[in-house]
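Asker: give me coordinates for this.
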Amino acid sequence: MTDLVWHSSFASLTGYSGSSRALVLALEDRGLAVRPLYLFDSDDREAALFGPVHPRIAALQRERPLRLDLPQVVYGRGDLFAKNSGGYKVGFTMLEVDRLPAEWVRQANLMDEVWAPTAWGAAMFRESGVTRPAYSVPLGVDLEIFRPGPPRAQLAGRTVFLSVFEWGVRKGWDLLLRAYRAAFRPGDDVLLLLKVDCREPAVNPLRAMAEALPSPAPPVGLIYNRPLAPAQLAELYRGADCFVLPSRGEGWCMPALEAMACGTPALVTDWSGPTEFVRETSGYPLAIRGLVPAPADQPLYAGARWADPDMEHLVALLRRVHANRDEARAKGTLTAEDARRWGWDAAAEVIAERLGAAR
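Answerer: The predicted model follows:
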């Protein structure tokens, strides 16, 4: 028996793969019979390319029949929607700029409906020219792993800012380092801890960060290209006073939500994906000065814009967190409560409702 084909990736080190695994398993736990299908090749090739697939996903691929008369969700880049071979076609994607590429729009309009993880994203699809019904279908967070814990024992006298991101100008690392240096002196009781992953062998993030943060500068710690298990990552979030990411655009922003679930308030740009879950009452929305052209050398961003985060506001918010740690702790309590809305089971419930409405 099969109720749904989920056409995506499941083993690579990407946000799509991680959320695909979580969504398929959450849908299974709700009683939907899901057939995972690898998007880029045969199912066995994914394991050969990226290592073992989650055992439950692999078992479903072996045991569940593949049926093309059922609803099928292609969850990946919008230029892959044409691979959808289902009886009811759903395209599920996200992008971090203010418009979709023309090819994404063309393929989205071949679907029966399209999904974005946020209301902002669904509205952006429509504004880009998608004429098929566009719905907001959220992602989620593992609330069993990402949950509050006791106060940290080490560095208790310092304000610890944490940023977790994959290297790239979109993540606003340059703004963060400049603002941090402007906000604090070398002797201040602060620490900026960066967890950075870089998959581009020709790029040297360490040199770029050193140039952006010349001495003398307040202290910075770096975890570079070191994979962490989810439980280790949760410990990292719990050890911070504030999560910071002055990103220029996000489709969702999973690290911010993971930090929130751990009781760490998020200081993130008040535009694009994070507007779905970051609130003034429980976090630190970072104002933008407007929208500016995204880099022309990125094909997906041709003709699109992204946010210009407000540098002065970022400096002020960093200082506010340091000067008012009690406020940050209070926001952390509220933000952990906010995050309870965003479990994977809640995301699976929305998907089940959408599929039920489509029948």
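Asker: contact partners for the closest residue to L257 other than its chain neighbours?
Answerer: Take L257 and drop its neighbours on the chain: the residue closest to it by CB to CB, 6 or more residues apart in numbering is V141, 5.0 Å away. All C-beta atoms are positioned from the backbone trio N, CA, C, and that covers glycine. Each residue near V141 by CB atoms under 8 Å, 6 or more residues apart in numbering is listed here: M254, L257, E258, A261, A339, W342, G343, W344.
Asker: check R126 too.
Answerer: So R126 contacts A134 (CB under 8 Å, 6+ apart).
Asker: now do the same for it: its pLDDT.
Answerer: Looking at R126, its pLDDT reads 98.
Asker: any idea how far it is from S136?
Answerer: Distance from R126 to S136, counting by CB to CB, to the nearest Å: 11 Å.
Asker: what's the spacing between R329 and P36?
Answerer: From R329 across to P36, the span is 41 Å (CB to CB).
Asker: those two: which is more packed in?
Answerer: Ranked by neighbour count (other CB atoms under 10 Å), R329 and P36 place P36 first, with 30 against 14.
Asker: hang on, that one is in a strand, isn't it?
Answerer: Yes: checked against DSSP: H, G, I helix; E, B strand; the rest coil, P36 lies within a strand.
Asker: and for A328, the neighbour number?
Answerer: Count around A328 with other CB under 10 Å applied: 22.
Asker: let me redo that: D189
Answerer: When neighbours are defined as other CB under 10 Å, D189 has 13 of them.
Asker: quick one, what contacts the nearest residue to it once chain neighbours are set aside?
Answerer: Among residues not flanking D189 along the chain, R158 sits closest, at 4.7 Å (CB to CB, 6+ apart). R158 sits next to D189, V190, L191 when contact means CB under 8 Å, 6+ apart.
Asker: hang on, A231 packs against E144?
Answerer: No: with contact defined as CB atoms under 8 Å, A231 does not reach E144; the gap is 9.9 Å.
Asker: check the offset of the helix or strand of the chain with the lowest mean pLDDT from the chain's centre.
Answerer: Within the chain, no helix or strand scores below helix 205-212, which has a mean of 89 by mean pLDDT, DSSP states H and E. Centroid separation between helix 205-212 and its chain, computed with CA atoms, centre = their mean, to the nearest Å, is 24 Å.
Asker: for it, buried residues please.
Answerer: P205, A208, M209, A212 (16 or more other CB atoms under 10 Å).
Asker: just the CA trace of stretch 16-36, in PDB.
Answerer: C-alpha atoms of stretch 16-36 as PDB (Å, rounded to 0.1, in the frame of the first residue of the first chain):
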ATOM      1  CA  TYR A  16      16.500  19.400   1.500                       C
ATOM      2  CA  SER A  17      17.800  15.900   2.500                       C
ATOM      3  CA  GLY A  18      17.600  16.500   6.200                       C
ATOM      4  CA  SER A  19      14.000  17.900   6.100                       C
ATOM      5  CA  SER A  20      12.900  15.200   3.600                       C
ATOM      6  CA  ARG A  21      13.900  12.500   6.100                       C
ATOM      7  CA  ALA A  22      12.100  14.200   8.900                       C
ATOM      8  CA  LEU A  23       9.000  14.800   6.900                       C
ATOM      9  CA  VAL A  24       8.700  11.300   5.500                       C
ATOM     10  CA  LEU A  25       9.100   9.800   8.900                       C
ATOM     11  CA  ALA A  26       6.600  12.200  10.500                       C
ATOM     12  CA  LEU A  27       4.100  11.400   7.800                       C
ATOM     13  CA  GLU A  28       4.700   7.700   8.400                       C
ATOM     14  CA  ASP A  29       4.100   8.200  12.100                       C
ATOM     15  CA  ARG A  30       0.800   9.800  11.200                       C
ATOM     16  CA  GLY A  31      -0.300   6.700   9.300                       C
ATOM     17  CA  LEU A  32       0.400   7.800   5.700                       C
ATOM     18  CA  ALA A  33       2.100   5.200   3.600                       C
ATOM     19  CA  VAL A  34       5.000   7.100   1.900                       C
ATOM     20  CA  ARG A  35       7.200   5.900  -0.900                       C
ATOM     21  CA  PRO A  36      10.500   7.800  -0.800                       C
END
